[in-house]
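>>> Compute the structure for the input listed below.
(2 chains)
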Number of protein chains: 2
Amino acid sequence: MAFQMYLNKLIVDSDNPDITEERLKATFDTDALAAELKGGYKAMDRRAELHDPYPQSYMTREEKLDNSCRKVTNLFKQISEFVDPTNHTEMVHLLRSIVGVEGYPLALHILMFVPTLQNQCDDEQMERWLGKAMKAEIIGTYAQTEMGHGTNLSSIETLATYDRRTEEFILHSPTTTSMKWWPGGLGKSCNHAIVVAKLIINGHDYGPHNFFVQLRDSETHSPLPGVVVGDIGPKFGINALDNGFLKFDHYRIPRKNMLMKHAKVAADGTYTKPKHSKLGYSTMVYVRTEMVMHQALYLSYSMIIAIRYSAIRRQGEIVPGVGEVRILDYQTQQYRLFPHLARTIAFHYTGQEIRTGLIADLHALSSGLKAVVTFQSSQGIEQARMSCGGHGYSDASYLPTIFSCAVGACTYEGENMVMLLQLSRYLMKAAQYARNGKPLGPLVRYLLHPGNKHSKLKIPNDGGTIQTTQNPLDYANYLLDYEHICRQLVFKAYGRLNELRAGGLSSEEAWNMNAVEMCRASRAHARMFIATAFFNRIHRVEDASIREVLEDLLLLHLNYELVDQAHYLDGYLSSIQLSYMKEELYRLLLKIRPNVVSIVDSFDVPDRELQSVLGRRDGHVYENLYKYARDSALNKHDVFPTFEKYLKPMMKRYESKI
Amino acid sequence: MAFQMYLNKLIVDSDNPDITEERLKATFDTDALAAELKGGYKAMDRRAELHDPYPQSYMTREEKLDNSCRKVTNLFKQISEFVDPTNHTEMVHLLRSIVGVEGYPLALHILMFVPTLQNQCDDEQMERWLGKAMKAEIIGTYAQTEMGHGTNLSSIETLATYDRRTEEFILHSPTTTSMKWWPGGLGKSCNHAIVVAKLIINGHDYGPHNFFVQLRDSETHSPLPGVVVGDIGPKFGINALDNGFLKFDHYRIPRKNMLMKHAKVAADGTYTKPKHSKLGYSTMVYVRTEMVMHQALYLSYSMIIAIRYSAIRRQGEIVPGVGEVRILDYQTQQYRLFPHLARTIAFHYTGQEIRTGLIADLHALSSGLKAVVTFQSSQGIEQARMSCGGHGYSDASYLPTIFSCAVGACTYEGENMVMLLQLSRYLMKAAQYARNGKPLGPLVRYLLHPGNKHSKLKIPNDGGTIQTTQNPLDYANYLLDYEHICRQLVFKAYGRLNELRAGGLSSEEAWNMNAVEMCRASRAHARMFIATAFFNRIHRVEDASIREVLEDLLLLHLNYELVDQAHYLDGYLSSIQLSYMKEELYRLLLKIRPNVVSIVDSFDVPDRELQSVLGRRDGHVYENLYKYARDSALNKHDVFPTFEKYLKPMMKRYESKI
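The predicted structure follows:
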C-alpha cells in the first residue's frame, strides 16, 4: 500500500494508538514536506540551563521575566554552540523553543537596537557603539512610541533641544503623554536606548530624530539622574518582556549622540537634512515580512495542537452503536480547522514571496498583508482553541498564550486599520492611473483588464466532484475571480471618493467618509496576493505526492476565500457556481482528512517548542493533563489558606452564635 | 438648545474636557435610557472590606483566589446590608462590582448546587440539606463534566454501584478520563458536590444520576479518604475561580444520598424511573438566558471602555493644520464599534424577551441564541480592545480580562457547534412539517410563507438619506428580508440532507456531511430572532427622545446584519438596495456619533465595576495609566534582580577575560 512508502517517522511504539492510526494514513513523506516548507532545519541540542524549571503558565510576571532572562543570557553567551547564528529560521525556532511566545528581554535589542545602529550611525559612531551592542556589552531598545502618540509619529512630544554652549542635547518630557511608553525591554532590562525626539535648534523644530542614550549606570544598573524608567505593568500577553516607560527631566547627552549618518547637527548648531526623506521604508518592510512569517508560525502551532488533539479526542457517535468517533471526523470540526491550516501554508509562502524583495511597491503591499495576516491568524488560533472544547481554555493547551501573544501584532508595528488605509492610498492612486490610461506596476495591472462579465469557473457536467489535477487551468479561473473582486472594490471605493469630493467635501473629509469602503478594497487586494503567492510557490514543487497534498490545500484555500468574499460578487458568480464551490469545500475536507495529522507533523515542531499538553506528539493527552494539574500552585497543600481565613468563619457563623 | 434639557448627570467640573464636550451633545436623558435598559438600579454603598487592596491584574492566581474568597464571604455574611438579595439585576451588578469578571469560589454553589437541590431533592432530602446550603454552612458545586466527556453526557464513566448489603452506593473513577474535571469551586473551596455518575444496580446500567456527596471534612477541610480533589491549573480567564478535578476510589455514600425527587432506588435495589425524561430542559433554558444577559453585560463593559477612550484619545489630523482629532471621529473607528454597541442592546432585549418564558420551543432556540450571542460578544469585545490601540493590550484597560473571561462561554454550558446543531435538528423537523403542510409554531411559521422574489426594501428617490421615523413600515421590509434569508438557508440545508440520504448515506452520516450547511441556517434563525426582539422591545418605548436613539441603533443593526449576511441573498436584493443599505450604515454612524458617549453612560456602570483605566468616567486616562504602571510588581525596586543574576555576567563576560 502507498502509505508504507512514506511511513511517518514520528511514530513511536508507546504512542496513543489513535494518533498512530492517523499517521499511518499519510500519502506523503513528512520529512519531504517539512523540507519544502522550512528548508529542512533539524531539531537542536538543548542544555539543561535552557529548560524551564516548571510550566511558564504557573509563573508570576516576576518569575517569567527572571526565567526568560536566565535562558536568553545563557543562550547568548554561547549561542554558536546551539545553532548557526546566521541561519535566520534556525534562530527563530531556537528562540521560540527556549523562550516560548511570551517574549524575552533582549528582543528589541536584536530586532531594533542593533539594526538601527547599523543603518543610522556614521562611521565614528559605528566604531564606538556597534561592537559593544553586538557583543551585548550594552543592551538597548528602540524608544519611539509615547503614551499619547503611537501611530502619528509627527506629533511626538519628547524634546531634544540643542545647547550650543555645551554642545549637548537636552532631552525632556514636557507632559505626561510625552513619556515613552511600550518599548520592549525598556522597563528593567536595557541600559541604553535609541530615543526618538523632536530636534529643536534655536527654537526651530526639525521634527523627529534618533538619539543614542544611556539610561542606566553600567555598574549598578540604577537609572541615571534625570531619567525615570520602569515597567508599564501586565498585559494580555508577552509578559516575559518588560515593556517600559521613560521620562526625561532635562537630561543632557553629547551632540555626537544624535545618529548622524543621514541628518547632521554641527557644533555651531547648523543642521544638515538627510538626502532621502523615506529612509525607514526598507526597515518597515523587513519587520512586516518577519511578522507575516511569525504569524504563520503561531498559526502552525495552533493547528498542530488542535489537529493532533482532535485525532485522539473521542466524543459522541456518528453512527449509533459503533462507538465514539474522533472529533476530527465531524464536518464542523474539519470546517473550522482545515481552512486555517490552508492559510497557515498560504501565509508561509506569502512571507517567502515578499522576502525575496523582488516585488515593486512592496511598502504599500506589506502594510495590507500585515493587517490581513495578523487578523486572520488570530482568528484561526481562536478557532483552534475553541475546537478543543474545554481543555482548549486551559493554559495546559498553550492556545490561550499563543493567541494573546500573537494577537498583539494586530496593533504593534502599525495598527491594522491604519495599515489598510496605507494600502488604500496606493490603490486609489492606481485606480486614478488606470482611469487615465497610465501604465501600472505588476501588482495592480489587473485594474487595466476589462475582466469577464461572469466567472468562467468550470463546473463538471455532473456538478459533482472533479479530478482537479486533470484541470490545471481552473486555478487560473479562480485567480481571475479574485481579480474581479479586487477590481470591483477598488473602483467602487475610487468612484465613491470622487463623488464625495464632488458633493462638496474636502479631500481629507471625503477620505475619512470613504475609509470603510477603501479598507474593503485593501483587504481583498491583500487576500488576492496571498492566494497568488500560494499558487505560485506550489507550482515549483516537484515531488508529486507533496504537490498533491499542497494542491488540495490550495484548492481548499481558493474556494474558501472566494465563498467568504462572495457578497462582493453580486451576480458575477452564478448560484450554480457558488453551490459548486461549497460542494468542492466539503469534498476537499474529506480528501485532506486522512493526511491532516501528518501535514501538521511536517511543520516539524518539537514538543518542547510547542509547550502544549493537548498537542503532544505521542497523543498521550489525558494522563499528562492530570500531571499538569497536580503541579498547580493551588495544590501545594490539600487545604488552601482561604478555608481557615474566610470559608470556615462563614460556614460556622450560625454555630458560633448559639 | 435641545441638549440642555437633558444635561448628562455624569458631568463633573474636573473631568477631561474632551469627554465633557461629548456629554454635552446628548439629545436624551441618560437616566431615562438607563431606566429603560436596566429598570433603574442604583449604585450601591460599598465597604472597605469589599475593596481590592491593589489591581487584580497584579495578583497571582493564589492571590486572586484569596482576594475573591475574602470579598465574597464578607459579602455573604451580610449581603442584605448591601443589596436587595431578591433583585436579580442588583445581585449581578453587585457581584461584578465586587469580584470582577474572573469568578469567585461560591459561583457554582449559587448557580448550580442550590438550584439542583431545590429541583431534585425529595422532601426529606430538602429538609436535610437545603437550609444548610442556603446559609452556606456547606458549600457545594455541580460535578458533571469529566476529563474525557463534556458534551456527550451519556458516555460519562464515573460509577455509582449500589451495594444492597450496606445500602450504600460505591462511587468510583475507573480511568484517568473518568475524573471529574472543570467544576467551578471544586478544587479548593467546596466541601460538597452534586456528582453525576452512572447508576449500576445488580450489574445493570441505569445511566447518569445525581448524588449528594461530601468531599471534605467539615472541620479540617481535608479531602475525605477515598476522595482525591484539587485545582486543574491556570486558564485563559476566570482565574479567581478554582475549577477542579475529583477522583473517587471506591468511596461509599448512603443510599439516601441519591437525589430522589424523580428517579428512586429502594433499599432492596428496586429502581423507579422518573416520569419525564427531559427534566433538565428548564434549567438549561434558564442558564442560557442568563448567559445571554451576561454576555450583553460584558459587551457593554467593552463598549463603555472603548467609546469613552475614543472620545479622549486624539491621534492624527483629518484636516491638516486643524489639530489632532478624537479617534471616535474616524469612520473606521465608528464602524468597528457602533454595530457592536447596537448588538449590546439587541442582546439585552433578546435576554429580556426569552426571560419572559412565553415563547414556545424555547429550548432549541436558546441553544442557537447561546451560540450566536457568545461568539458575537467575544468578537465585539476584541474589536473594542483593538480599537483602543496599544493601551487596549494593557491589563490596565481591563479589556483582555473581559475578553478572556467572556469567551469561555463559547465553550461551557454546551459547545457552540453542538448548540447550533441542536437548533438545526428543530429547524430540519420544521422544514419537513412545512413541506408536508403541517402547522408550525410561531418561531418557524415563516417557513410556510412563499416570500417575495425580490426584496421590497424601499429606497428614496434620490437614493440618499431618508427620515426613518417617517417610514415606519420599512422595519417590516427589513424583517421580511431576514425571513427570506432564513427560509433560503433552512430549505437549502433540508434539501441537501435529503439528497445525501437519497445518495446512499445513512441518516447519521448524511447529518454529519450536512452539518456546516445546517449551522448556517441555525445562525441565521438566531440572528433573526435577535433583530426581531430588538424591534419588538423598542416599539414599546414611549419617551420620544429615548426611542429615537434606540431606533437609530436598531436601524444600524438591521442594515449591518443584513449586509453581513448578504452572500446568502443571491439576487434577492438588487445591487442598488445593497448599496443603499451600506450608505444607510454610513449615515447612521454619523447620526449616532454625537450621542454615543451618553449612550454608554446610560449603561450605568460605576468605575469600580468597570475596573478600567481607559474607561474612566472622568476621562483622565493618561495620568492614571502612569499611576497604574508605577504600581507594577516589577517596579518595587529600580534594579530588578535579573541584572545581578544574568545581565551583568553576560555584559561583563569579555572584561573578565582580560
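>>> quick one, what contacts A:Gly316?
Taking C-beta atoms under 8 Å, 6 or more residues apart in numbering or on different chains, we find A:Gly316 in contact with A:324-325, B:151-152, B:155. No exception for glycine: its C-beta is placed from N, CA and C like everyone else's.
>>> can you do 7 Å?
Applying C-beta atoms under 7 Å, 6 or more residues apart in numbering or on different chains to A:Gly316 gives the contacts A:324-325, B:151-152.
>>> any idea whether it is helix, strand or coil?
coil (DSSP: H, G, I helix; E, B strand; the rest coil).
>>> so which strand or helix has A:Arg587?
helix A:575-592 (DSSP states H and E).
>>> Contacts made by that helix with the rest, please.
So helix A:575-592 is contacted by A:331, A:334-335, A:338, A:455, A:457, A:459, A:463, A:465, A:552-553, A:555-556, A:559-560, A:562-563, A:566, B:513, B:570 (C-beta under 7 Å, 6+ apart).
>>> shaky segments in the stretch 401-550 of chain A?
Where the stretch 401-550 of chain A drops to pLDDT under 70, the residues are A:461-473.
>>> where along it do the helices fall?
A:416-435, A:474-502, A:507-513, A:515-538, A:544-564 (DSSP state H, counting those that start in this stretch).
>>> for these, which one ends up most surrounded?
helix A:515-538 (a mean of 23; mean count of other C-beta atoms under 10 Å in any protein chain shown).
>>> and that helix with helix B:575-592, angle?
Interaxial angle, helix A:515-538 versus helix B:575-592 (axes from the mean of the first three to the mean of the last three C-alpha atoms, to 10 degrees): 120 degrees.
>>> quick check, helix A:515-538 touching chain B?
Yes: against chain B, helix A:515-538 shows contacts by C-beta under 7 Å from any C-beta of the partner chain at A:515-516, A:519.
>>> tilt between that helix and helix A:474-502?
Using the same axes, to 10 degrees: helix A:515-538 against helix A:474-502 is 160 degrees.
>>> how far does helix A:515-538 sit from the chain's center?
Computed by C-alpha atoms, centre = their mean, to the nearest Å, the chain-centroid distance of helix A:515-538 equals 17 Å.
>>> tell me which strands and helices it is in contact with?
Packed against helix A:515-538 by the contact rule (3 or more C-beta pairs under 7 Å, 6 or more residues apart in numbering or on different chains; DSSP states H and E) you find helix A:331-355, helix A:362-387, helix A:416-435, helix A:474-502, helix A:544-564, helix B:331-355.
>>> Same list (those helices) but as CSV, adding distance to B:Ile139.
Output for the helices and strands packed on helix A:515-538, formatted as CSV (distance: least, C-beta to C-beta, whole Å):
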stretch, distance to B:Ile139
helix A:331-355, 37
helix A:362-387, 31
helix A:416-435, 46
helix A:474-502, 58
helix A:544-564, 48
helix B:331-355, 28
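>>> which one of those helices lies closest to B:Lys275?
The minimum distance between B:Lys275 and these falls on helix B:331-355, with 26.4 Å, by C-beta to C-beta.
>>> Now that closest one: average pLDDT?
Summarised as a single mean, pLDDT over helix B:331-355 is 96.
>>> right, quick check: that helix against chain A, any contact?
Yes: against chain A, helix B:331-355 shows contacts by C-beta under 7 Å from any C-beta at B:331-332, B:335.
>>> now that helix against helix B:362-387, angle please.
160 degrees.
>>> A:Ser300 and chain B, how far apart?
20 Å (C-beta to the nearest C-beta, to the nearest Å).
>>> typed the wrong thing, it's A:Glu36
Counting by C-beta to the nearest C-beta, the gap from A:Glu36 to chain B is 30 Å.
>>> Isn't that residue up against A:Val541?
Yes: between A:Glu36 and A:Val541 there is a contact under C-beta atoms under 7 Å: 6.1 Å.
>>> quick one, which of these two is more surrounded?
A:Glu36 (22 against 16; other C-beta atoms under 10 Å in any protein chain shown).
>>> dump the residue contacts of the more buried one.
A:541, A:546.
>>> Return the distance of stretch A:28-35 from the chain's centre.
24 Å.
>>> Chain neighbours aside, what residue packs nearest to A:Ala311?
With sequence-adjacent residues excluded and distances taken as C-beta to C-beta, 6 or more residues apart in numbering or on different chains, A:Ala311 is closest to A:Glu22, at 4.6 Å.
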